[in-house]
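> Show me how the following folds:
(one chain, ligands or ions: 1)
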Amino acid sequence: MRKIHFDACPECDALLNLASPAIGEKAHCPCCGYLLQRPRKQSIERTFALSIAGFILIIPANLMPLVGIKILGNSNDGTLWSGVIMLVQENMWAVAILVFLSSILFPLLNIILSLLISAHLYFNRPNHYLALWMRCLQHLEEWAMLEVYMLGIIVACVKLSSIADLKFGFGLYAFIALLIISVMLASSLDRYLFWQRIGQARNEQS
Ligand SMILES: [Zn+2]
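You can find the predicted model right below:
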């Protein structure tokens, strides 16, 4: 049985009369093409599991060396944090802030918010902040740019490899795993279902 919803498109406010798409199908707004629904299998469970994995990986990805560089006998281990600090010392403030936000702070907030929301929905615990967290998460998705930073690391490694000995650290593997988890997280989160469940939780509460 497919349920019929009467809803407004969040992008263009067109009033819609939608049949819920089946898992694997997509529903777009006929007026503006906005992706309205993309049901996922066990979206809450998967989001919960992936955000726990991401939360564990964040620690080594941030604190352990990404690459070790050895030039003329001098070796140096670089972590995400030491990269940001080095940029500050070089007075490259704008780049330092951008790297800090897009590769450290936003991915961290993204994982924490996903974890909080999916845990509350999974264990059926209503919370006043659920809608606020969900809105923050949707804004963050536009900002977390791990993949851009990853590209930067690869380019730097290729350039350096001709003049220096490079050793990949555990932090880099954790960072790559975190990147994969983030992509899986974004695709497992069914916004429509999450908003529906948040609405239900709110109704039960009041
Ligand atoms: Zn629309």
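
> Run a quick neighbour tally on the closest residue to residue 128 other than its chain neighbours.
Nearest residue to residue 128, sequence neighbours excluded (C-beta to C-beta, 6 or more residues apart in numbering): residue 205, at 7.9 Å. To be clear about C-beta, it is placed using only N, CA and C from the backbone, and glycine gets the same treatment. Neighbour count for residue 205, taken as other C-beta atoms under 10 Å: 10.

> how much space between residue 205 and the ion?
30 Å (C-beta to the ion, to the nearest Å).

> Can you name every helix or strand that the helix or strand harbouring residue 157 contacts?
Assigned by DSSP states H and E, residue 157 belongs to helix 146-160. Applying 3 or more C-beta pairs under 8 Å, 6 or more residues apart in numbering; DSSP states H and E, one finds that helix 146-160 contacts strand 67-71, helix 170-188.

> in this structure, what spans have low per-residue confidence?
Filtered on pLDDT under 70, the chain yields the residue ranges 1-7, 18, 143-146, 206.

> Might you report the residue contacts of residue 177?
Contact analysis of residue 177 by C-beta atoms under 8 Å, 6 or more residues apart in numbering lists 57, 61.

> Could you report the distance from it to the ion?
Here residue 177 is placed at a distance of 36 Å from the ion (C-beta to the ion).

> and what of residue 20?
According to C-beta to the ion, residue 20 and the ion sit 17 Å apart.

> do residue 130 as well
In this view, residue 130 and the ion are 25 Å apart by C-beta to the ion.

> Tell me, how many residues neighbour that residue?
Neighbours around residue 130, by other C-beta under 10 Å: 22.

> you'd agree it is up against residue 205?
No. Using C-beta atoms under 8 Å, residue 130 makes no contact with residue 205, being 9.7 Å away.
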